[in-house]
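Colleague: missing the sequence, but the structure's below:
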C-alpha cells in the first residue's frame, strides 16, 4: 500500500451518518413486475399500488417516438428513479427499491414534453422486511463525501485558473507554462463531473482534433497551443486581445462550474460516483496513454495522475458499501491501484513534476496500458457491488 | 478453382457431443478468489456438459438457416485438446499472451477460468449471466457478439511458451524443472526478419471455427477474463485453412495459389499420429503425455513479386504443378514425388532447391508434421503492398527432429522461402493434454488445462 493510496480508516466510519430513508431489501419483500405500456396518448400501468420492496417497471414503448419513465417522490417533482431513451418498440426495465409511501409515475416523450404525473402507492410490505439500513447509510455518506471532494477540487481549480490566466494574459509565458499542468490536475481529477455539464466541457476542455468545421476553439487547449507553439510555421500566435478573450472565457466558465457544484440541488447518486471512477480510467486509456490529450505541452502524465487520484477517491468513498457485497473486489481494485500507482510514480509526481509523454518508450507505455486495463476491468464491477 | 472446400463433411467420430455420464455432479462452489469465477461460471461443469448434450437437435431447431458445417459442435473434453486433429475449420483467431503476474495462484486460477469458459464457448453458449442476464449496473458477462450464432465448430486450444517456465532467468511460477526439453526457443533461421512484437508469448490460445465472428468472440472474451493476469502480446486472424487434417478434406490452396500440405499428417494415419504427434511420458515430462508441441510462424508472402514470376518459375520454385498440384515428376496430387527422375537435361524434374524437395518428409528422415495453418492478411502495408501470407501452425511431438532440421534446410536453400517469403513472427508452445471426459470444471477445484504441470 503506497502512502498516496492509504485508506482513510476513520474518515468514513466515524462520520455521523444521517439515514435519509430506509430501503427495503429485495430478498424478503418483492413488489414484483409492473408492466408499463407507453403509447402516444400516454402510459398505462398494470398496477398502481405495490407492497414495499423491489419493483421492476417493465416499460414497453409502443408509441412512435422515444420516451422516458419516471418514478417521482410525493411532491410530484423530485425524481426517485428514471429510465430514459426508450426507443419505439423497445422495452426497458427500471428496477427500484421502494419504501412505503406515496409516489407518482410519469412518462413523457422528451425533456420538453409536458406530462401529468399519476399517483402511485407503495403499501406496507407483505411479510417481514429486512431493511438494508447499513448499505443505504453508507451510500448516502458516500454521496456526501464525494460531493465535498468535488467542491474542494473545483475550489482549487478556481484559484489555479485565476493564477494561470493572469500569467497567460500578461504574456508571462514561462510562468503560464509552469502553472498549466498543475492547474489542470484539479479539472482532470473530477473530469466526469465537469463533463456532465454538457455545455461547460466543450467550452473549457476541447482538443483541437475535436473541433467541428468552423467551430470556435476556446479553453485550456487553445491556450496550451499558444504556449507551446508548433515550430513548422503553420501557427499564428494569438494577439494580446485574443489571449484576454480566451482568459476571460475560461475564468467565467470555471466560476460557472463552481457555482453549479456548490448549488443546493447538486447531489450525487452512488452509481454516478462508481461510473465516474470507471470513466476516469477510460479517459486515461483513450487520451493519456496515447498522448492525445496534451499534444502540445506533453503534460499527459499530470492528467494521468489526476485521473487516477480522482478514480481512487471515488473508489474509496464507495468501498464500504461495495465491501458488503464483495470484499475481494475491493482488495483486487486496491491491489491494481497500487500497481499502477507504483508504475506511474517512476515518471514523476505532482511535487517533482513528470517527464513529458514523448520521453516514454513504447515498452513503458505498454506496461502502463496493461495496468490501466487491469484496473479498469475491476473498476467496471464497482458500481454494481456498491449498490448491491 | 476446384478446391471444393464445400465438399468437406464433418467427421462424425470426431464431432462428439455425447454428455459424459458422470459429469453431472454439482461443481464445488468456492469462489473465494474473486475476479474470474464470478464472470465465468455458468452453473459449473454440469451445465456445460448438459448444454453440449443438446447439440444437433437443440441448435438445429433454433437456427434453421445455419449450414450443417456451422452446426458442428466439438466436445471440449477428451484425451487430447480439441483443435489439433479436429478437421481444420475455415477461420482462426490466434492470440499469444504475456503473463503479467508473478503469482502462481493467479496463473492457476486463470487457467481454471479459461478452461471453464472454453468449454462453455464451444457449446455456443454465452458466458456467465450472458449478455442481458446480469446487473444493469455492471458490464454484461458476455460481450454478445456471438449470441445467436451456432457453435460453428469452435475449438479452443491452449499452449504454454518457454517463457512461462523461465523468463529473463527467473522461474516465476516454480515450474522451471518441469519445462520439457522439447520446448526450447527456436533457433534463428537464415533469412528470419522477426519482429519482437510478433514473436514469443508465455501462453497462447488458438480459436478455430467456421464463422470468424465465433472465433473472434472466443478470443475476445478469454482475453477479458485475463485482464490483470495476462495480456495479449500479439494476435492473428486467419482464413481459409491451408492444410487438411483429415482424409475427407480436399487440399486447399494457399495465397501463392498452390495446393498446400498434401503430405500432411492426418487424423486417420493413426500409426503416424502416435509416432509424430502425441507426446508420451517417456519423452521426458509426464504432465505432457497426450500433449504435443506447436510451432507458430507468421510468414509474409511477397505477393507482388511472386505474382510477376512466370508459371514455369512458380512451378519450379514449388516443385508441383499449379493446376493439379501433382509433383513435377508426374502423376496426380497424391502421387509420391520422385526426386531423382531426370528431365531432358539430366537434372531432376523436381528442382533440388524447390520447396517440395526440401520440405518433403523424405528429405527430412521421414519426419512428418500435422500442419494446421491459415492464410492471413492485415490489409496493405505503408507502401500499398499486400500485407498477407501464411500463418504457419504445425503440431509435432519433437521440434528438434521434426521441425528444426526441415526449417533450417528450407530457410537456407528453398527458392520459395528465400526469395518470396519473409518470416516476421515466430513462437513455440507446449500444448498440454486434454481434460478427461467427465471431469468437473470451474470453481476453485475444477480440472483445468495444464493441471499436471502444477500438481
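Modeller: That came in fine, so what should we check first? Being a predicted model, the structure only gives us computed values, none of them experimental.
Colleague: So what touches the strand or helix carrying residue A:194?
Modeller: According to DSSP states H and E, residue A:194 maps onto helix A:191-196. If you take C-beta atoms under 8 Å, 6 or more residues apart in numbering or on different chains as the criterion, helix A:191-196 is touched by A:150, A:187, A:200-201, A:204-205, A:257, A:261, A:272, A:275-276, A:279-280, A:283, A:307, A:310. In short, each C-beta sits where N, CA and C put it, glycine included.
Colleague: just those residues now: which is nearest chain B?
Modeller: residue A:275 (8.5 Å; C-beta to the nearest C-beta).
Colleague: Just the local confidence number for that closest one, please.
Modeller: Looking at residue A:275, its pLDDT reads 86.
Colleague: And it, its phi and psi?
Modeller: Per-residue torsions, residue A:275: phi -70, psi -30 (degrees, to the nearest 10).
Colleague: Share the number of residues neighbouring it, please.
Modeller: Neighbour count of residue A:275, defined by other C-beta atoms under 10 Å in any protein chain shown: 19.
Colleague: Which pLDDT value belongs to the residue nearest to it when sequence neighbours are not counted?
Modeller: In space, and not counting its chain neighbours, residue A:275 is closest to residue A:383: 5.9 Å by C-beta to C-beta, 6 or more residues apart in numbering or on different chains. On the pLDDT scale, residue A:383 is placed at 90.
Colleague: same deal with residue B:138?
Modeller: 89.
Colleague: Same check on residue A:12?
Modeller: With respect to pLDDT, residue A:12 scores 33.
Colleague: now do residue B:24
Modeller: 33.
Colleague: With residue B:400 instead?
Modeller: pLDDT at residue B:400 comes out at 94.
Colleague: likewise residue A:196?
Modeller: 80.
Colleague: ok, now residue B:144?
Modeller: Among the per-residue scores, residue B:144 shows a pLDDT of 96.
Colleague: Can you tell me the number of residues neighbouring it?
Modeller: Applying other C-beta under 10 Å, we find 15 residues neighbouring residue B:144.
Colleague: Where does it sit: helix, strand or coil?
Modeller: Three-state call for residue B:144 (DSSP: H, G, I helix; E, B strand; the rest coil): coil.
Colleague: From the contact counts, what lies against the helix or strand containing residue A:333?
Modeller: Using DSSP H and E, residue A:333 maps to helix A:327-345. Helix A:327-345 sits against helix A:300-325, helix A:362-379, helix A:382-387, with contacts defined as 3 or more C-beta pairs under 8 Å, 6 or more residues apart in numbering or on different chains; DSSP states H and E.
Colleague: 6 Å instead?
Modeller: If you count contacts as 3 or more C-beta pairs under 6 Å, 6 or more residues apart in numbering or on different chains; DSSP states H and E, helix A:327-345 packs onto helix A:300-325, helix A:362-379.
Colleague: now the shortest one and helix A:300-325, what's the angle there?
Modeller: When axes from the mean of the first three to the mean of the last three C-alpha atoms, to 10 degrees is applied, the directions of helix A:362-379 and helix A:300-325 differ by 30 degrees.
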